[in-house]
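Asker: next input, structure requested:
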Amino acid sequence: MRADPVTLADLKGLPPEVGRELRGPDGKIDRVEMVRYALDHWDKKDDLKFDNNCANFVSSALEAGGMQKKFDFWTGPMGENTWGRESGLGWSYVDQRVYHSRSWALAKGLHGFLVSNGGTEVTKAEALPGDVIFYEQVAPDPAEPQGEIYHAAVVTSVTPDGDVKLSQHTSSFQNVSLDSREHIAAKNHGEQRIHIVRPHPNWY
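Answerer: Below is the predicted model:
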């Protein structure tokens, strides 16, 4: 159930209670469809071309899993506590900055939004497919502000030995070990702090 949820969910004759556990018992986010999107789109650039596309990729996976927009009537996607995107004008520069909320497009914005709107942080041992991984820069580094969350990815598998695997954009990887990616990030940028957040929308 944790190592390959998409294959299991697609089996004919799967007991309904197993399907509900795989997808999420409250029905607010379909975790299987989140993982399916991440596995299918890890190497595709089929959305607006953000310089750093990691949060956009994770938000797109959340959208594929059915997470509903949260917009303020007056501010649209630009409000402080909003998440989502609207159809733009076809002008890449304008669309990226006007029609996508900060929580959609920025890792630190997405992390803050999820934990402020029902999401909970879990340990590596508790991680499940459909959780969201965030990297926080701990060590001083010229490329990333110290103490800032700068990267996001989707948990797409947890193997029987407890290895958490992720899929991501910028750079693009499918089902790679969190431990190996964490080691590489630390080697390149110094000490990192990993946050794993389980989305649980509380606005619908």
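
Asker: how much space between residue 172 and residue 84?
Answerer: 24 Å (C-beta to C-beta, to the nearest Å). The C-beta positions use only the backbone N, C-alpha and C, and glycine is treated the same way.

Asker: neighbour count: the two, which is higher?
Answerer: Each of residue 172 and residue 84 has its neighbours counted (other C-beta atoms under 10 Å); residue 84 has more, 19 against 15.

Asker: so who does that one touch?
Answerer: Taking C-beta atoms under 8 Å, 6 or more residues apart in numbering, we find residue 84 in contact with 69, 70, 71, 77, 101, 104.

Asker: and what of residue 202?
Answerer: 117, 118.

Asker: count of neighbours near residue 149?
Answerer: Residue 149: 21 neighbours (other C-beta under 10 Å).

Asker: ok, now residue 141?
Answerer: Other residues close to residue 141 by other C-beta under 10 Å number 16.

Asker: ok, it - contacts?
Answerer: Taking C-beta under 8 Å, 6+ apart as the test, what residue 141 contacts is 189, 190.

Asker: can you pull the pLDDT of it?
Answerer: Note on residue 141: pLDDT of 85.

Asker: so which strand or helix has it?
Answerer: In the assignment (DSSP states H and E), residue 141 maps to no helix and no strand.

Asker: packing partners of the helix or strand residue 135 falls within?
Answerer: Using DSSP H and E, residue 135 falls within strand 132-137. For strand 132-137, the packing partners by 3 or more C-beta pairs under 8 Å, 6 or more residues apart in numbering; DSSP states H and E come out as helix 107-116, strand 149-158, helix 178-189, strand 192-198.

Asker: re earlier: which of the contacts of residue 84 has the most neighbours?
Answerer: residue 101 (27 neighbours).

Asker: any idea which helix or strand comes after the lowest-mean-pLDDT helix or strand in the chain?
Answerer: Ranked by mean pLDDT, DSSP states H and E, the helix or strand of the chain with the weakest confidence is helix 92-98, at a mean of 53. Downstream of helix 92-98, the first helix or strand assigned by DSSP H and E is helix 102-105.

Asker: which strands and helices sit next to that following helix?
Answerer: helix 54-64, helix 107-116.

Asker: check which residues of that helix are buried.
Answerer: By neighbour count on 16 or more other C-beta atoms under 10 Å, the buried set for helix 102-105 is 102, 103, 104, 105.

Asker: pipe the residues you listed into JSON lines and attach pLDDT and distance to residue 156 per row.
Answerer: Below are the buried residues of helix 102-105 laid out as JSON lines (pLDDT from 0 to 100; distance: C-beta to C-beta, whole Å):
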{"residue": "102", "pLDDT": "88", "distance to residue 156": "25"}
{"residue": "103", "pLDDT": "93", "distance to residue 156": "21"}
{"residue": "104", "pLDDT": "92", "distance to residue 156": "20"}
{"residue": "105", "pLDDT": "89", "distance to residue 156": "21"}
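
Asker: could I get those residues as CSV with distance to residue 23?
Answerer: As requested, these are exported to CSV (distance: C-beta to C-beta, whole Å):
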residue, distance to residue 23
102, 29
103, 23
104, 23
105, 26
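
Asker: residue 177 - how many residues pack around it?
Answerer: 15.
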